[in-house]
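J.: dropping a prediction and its sequence here:
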Amino acid sequence: GESVGLHLPTLSVQEGDNSIINCAYSNSASDYFIWYKQESGKGPQFIIDIRSNMDKRQGQRVTVLLNKTVKHLSLQIAATQPGDSAVYFCAENIGGGSYIPTFGRGTSLIVHP
Amino acid sequence: DGGITQSPKYLFRKEGQNVTLSCEQNLNHDAMYWYRQDPGQGLRLIYYSQIVNDFQKGDIAEGYSVSREKKESFPLTVTSAQKNPTAFYLCASSRTVNTEAFFGQGTRLTVV
């Protein structure tokens, strides 16, 4: 399953499928990007990050892809599990000394057993 | 354990009253942030602080105030001037520029 971020805030997949969550970021000066997972009623948790000198980074079952040309970020989750159900946010840190993480709208991932 | 702690988890207040939300971190982070989250929405920045005794307004600072007298503490006061204060408030901290922010578990404020 695949989301288009702002235009499709909910992504439903079957357990075991791969999920792709997309994010369009706003500032071409952004040089650091983070994906967070937020479960209901809790604070966001760090999943994976990527810096602008990379175009791909892999973690455990997750991969982040960065396309600076079109200012697009994606999070791929392999073999999605019910415990992956949450809202996923991408955040960008704008370079030039700014410390401010700026968050996208978020995508709700629902994994059906 | 190192971490960031928000208290209380749930808070109820009457309309017109000021209320202060606590945020403490023992991660030795320089930067701290306050965000507001409304149902089905993303995180909007209220205030941030890059260093002790300094803070800046975020995108929705009206009706809120903060202080940063100590490195580990960044309390947020929701004043009676905030027109719609009922929301989920999240505090975060980060070590320095271009490192990930760590979040507390949030405070759900309900104003009746």
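T.: Yep, that arrived.
J.: with only the CA atoms kept, save the one helix or strand B:Ser93 maps to in PDB.
T.: Element membership of B:Ser93 [criterion: DSSP states H and E] is strand B:87-94. What follows is the C-alpha trace of strand B:87-94 in PDB, where atoms were taken according to Å, rounded to 0.1, in the frame of the first residue of the first chain:
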ATOM      1  CA  ALA B  87      -5.600  20.100  23.100                       C
ATOM      2  CA  PHE B  88      -2.800  17.600  23.500                       C
ATOM      3  CA  TYR B  89       0.500  19.400  24.400                       C
ATOM      4  CA  LEU B  90       3.800  17.800  23.600                       C
ATOM      5  CA  CYS B  91       7.200  18.900  24.900                       C
ATOM      6  CA  ALA B  92      10.400  17.800  23.200                       C
ATOM      7  CA  SER B  93      14.200  18.400  23.500                       C
ATOM      8  CA  SER B  94      17.200  17.900  21.200                       C
END
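J.: other SSEs contacting it?
T.: Strand B:87-94 sits against strand B:4-7, strand B:19-25, strand B:31-37, strand B:76-78, strand B:102-103, strand B:107-111, with contacts defined as 3 or more CB pairs under 8 Å, 6 or more residues apart in numbering or on different chains; DSSP states H and E. For the C-beta atoms, the positions are set from N, CA and C on the backbone; glycine is no exception.
J.: for chain A, what is the nearest residue in chain B?
T.: B:Phe103 (3.5 Å; CB to the nearest CB).
J.: ranking the helices and strands packed on strand B:87-94 by burial, who's on top?
T.: The densest packing among the helices and strands packed on strand B:87-94, expressed as mean neighbour count by mean count of other CB atoms under 10 Å in any protein chain shown, is seen in strand B:31-37 with a mean of 25.
J.: could you see whether chain A lies near that strand?
T.: Yes. Contact of strand B:31-37 with chain A is found when judged by CB under 8 Å from any CB of the partner chain, involving B:31, B:33, B:35.
J.: who does that strand pair up with?
T.: Partner strands and pairing direction for strand B:31-37 (DSSP bridges) are strand B:43-51 (antiparallel), strand B:87-94 (antiparallel).
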